[in-house]
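Participant: Only the shape, not the letters, is given here:
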């Protein structure tokens with residue numbers, strides 16, 4: 001990759017939108033389908049933060065459901081999700097998450113608590129299934145939300161939702177915070193505020209804590225750092241565990257995670273994922289090519305300061321691949337996006353070795369889009385659930401292309417898109433085994 005021009009990658013803030021620090025994200029000329037992706041069992045969710053149904057870059061999100069015959073061919077969405085109060089430059093869909101029948105969508109540009117304060121929306125699957133155009137069941141807001149907090153990076157597991165606000169100012173300007181919401185007894189409905197607020201015990205101005213968030217059962221993982229015009233290099237990831245009495249009040253971390261070989265400009269923590277006792281952290285500038293780190297929960301639980309159990313590397317990694325821009329984990333499977341690999345992008349699949357995560361581990365499979373083109377940013381977003389892998393290819397800000405998303409399963413490729421989007425090729429995936 002040496003000598004190639006690096007495109008204006010959609011950064012990990014929001015996540016998926018490259019922002020001018022302290023200001024609006026860069027303009028999105030088209031819908032940016034695939035800017036964010038999520039999957040849970042047979043449900044795939046794809047964000048399109050540049051869609052304009054409610055005004056320029058108001059955003060939308062699409063839900064796809066697996067057909068009876070399985071993922072195959074070219075598929076249109078089952079449902080389209082919109083915010084009932086959507087407005088221009090809300091960037092609804094810049095971050096999406098799904099767990100079972102619950103979908104959460106972030107809108108970091110929403111103005112509910114002041115300009116660019118941000119909000120998140122919860123959608124629940126109707127009794128008849130995902131269909132048509134749907135509005136939210138509940139709107140999530142920070143009780144102390146303020147202008148320019150950019151509340152809207154989302155994660156969900158069961159009845160627990162986490163929303164990051166990376167420019168909240170509790171510990172200084174742009175120090176950041178995360179909020180935990182729990183489903184009420186009567187279900188998700190109305191406008192809700194958080195059950196708990198998460199802060200780093202050593203938080204400081206300019207940390208951008210909660211630029212990335214993840215949750216699995218009672219474990220929340222929060223990353224730091226900022227990838228934009230004025231970057232801030234994160235070097236720590238924080239793990240929070242639900243107290244015995246449940247999520248409540250203001251909480252500090254149980255453990256801090258760091259890379260044993262970390263350097264100041266690795267961008268460690270701008271992408272994070274968790275499944276059970278396994279945490280994955282991306283560092284897309286490590287050694288200029290990128291890496292990801294796997295941490296496993298100690299027998300006594302998450303506590304203290306911990307180094308990784310294993311480091312994940314692409315066997316064919318090159319300079320400026322941005323391997324680690326996006327990460328996802330489901331049980332023993334990890335997926336890592338490298339959206340600048342060969343200037344087209346790729347996604348790498350790692351399977352936990354028989355002896356567990358340890359040492360340096362290379363990929364088991366590499367996923368490529370056979371219809372891939374330069375600057376597709378394939379791998380700019382990734383998600384995995386069981387054997388299904390979803391990869392977004394959103395194109396850069398300012399691109400005239402709409403973007404797309406792909407499903408990769410063991411038996412072959414699927415391309416998913418929405419009405420009015422360019423369909424691409426039915427043989428969109430190929431898999432190479434090192």
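Facilitator: Received, thanks. Source: prediction; values computed, not measured.
Participant: low pLDDT regions in the chain?
Facilitator: 1-29, 226-234, 370, 396-401, 409-413, 417-434 (pLDDT under 70).
Participant: how close does residue 184 get to residue 161?
Facilitator: Look at residue 184 and residue 161: by C-beta to C-beta, to the nearest Å, they are 12 Å apart. Where you see a C-beta, it was placed from the backbone N, CA and C, and this is true even at glycine.
Participant: Please apply the same query to residue 389.
Facilitator: 23 Å.
Participant: do the same with residue 167
Facilitator: Distance check for residue 167 against residue 161: by C-beta to C-beta, it reads 20 Å.
Participant: Next: residue 144.
Facilitator: Counting by C-beta to C-beta, the separation of residue 144 from residue 161 is 17 Å.
Participant: So which of the two has more stuff around it?
Facilitator: residue 161 (28 against 16; other C-beta atoms under 10 Å).
Participant: What's the local residue count around the residue nearest to the more buried one when sequence neighbours are not counted?
Facilitator: Excluding the flanking residues, the one nearest residue 161 by C-beta to C-beta, 6 or more residues apart in numbering is residue 181, at 4.3 Å. By the measure other C-beta under 10 Å, the count of residues near residue 181 is 26.
Participant: and what of residue 358?
Facilitator: Residues near residue 358, counting by other C-beta under 10 Å, number 14.
Participant: Identify the bridge partners of the closest residue to it other than its chain neighbours.
Facilitator: Ranked by C-beta to C-beta, 6+ apart and with sequence neighbours excluded, the top spatial neighbour of residue 358 is residue 310, at 5.4 Å. Note on residue 310: beta-bridge partners by DSSP bridges are residue 294, residue 359.
Participant: dump the residue contacts of residue 310.
Facilitator: Contacts for residue 310 (C-beta atoms under 8 Å, 6 or more residues apart in numbering) come out as 293, 294, 357, 358, 359, 360, 361.
Participant: Can you tell me which of those lies closest to residue 137?
Facilitator: Checking the contacts of residue 310 against residue 137 by C-beta to C-beta gives residue 294 as the nearest, at 35.0 Å.
Participant: list the contacts for that closest one?
Facilitator: Contacts here follow C-beta under 8 Å, 6+ apart; on that basis residue 294 touches 278, 279, 280, 308, 309, 310, 311, 312, 334, 357, 361.
Participant: Who are the packing partners of the one helix or strand the second one maps to?
Facilitator: Of the helices and strands defined by DSSP states H and E, residue 279 is found in strand 278-283. Other elements packing on strand 278-283 under the criterion 3 or more C-beta pairs under 8 Å, 6 or more residues apart in numbering; DSSP states H and E are strand 237-241, strand 268-275, strand 291-296, strand 326-330, strand 333-338.
Participant: Can you say which of these is nearest to residue 41?
Facilitator: Of all the helices and strands packed on strand 278-283, strand 326-330 comes closest under C-beta to C-beta, at 10.3 Å.
Participant: ok, the closest one: who's next to it in the sheet?
Facilitator: Strand pairing (DSSP bridges) places strand 326-330 next to strand 333-338 (antiparallel).
Participant: Strands of the stretch 1-150 of the chain, residue ranges please.
Facilitator: Counting by DSSP state E, counting those that start in this stretch, the stretch 1-150 of the chain has strands at residues 33-40, 43-48, 60-65, 73-75, 79-81, 95-99, 102-107, 119-124, 132-134, 138-141.
Participant: Relative to the fourth one, what are the paired strands and their orientations?
Facilitator: For strand 73-75, sheet partners with direction are given as strand 412-416 (parallel), following DSSP bridges.
Participant: again with the third one
Facilitator: Here strand 60-65 has these sheet partners by DSSP bridges: strand 43-48 (antiparallel), strand 79-81 (antiparallel).
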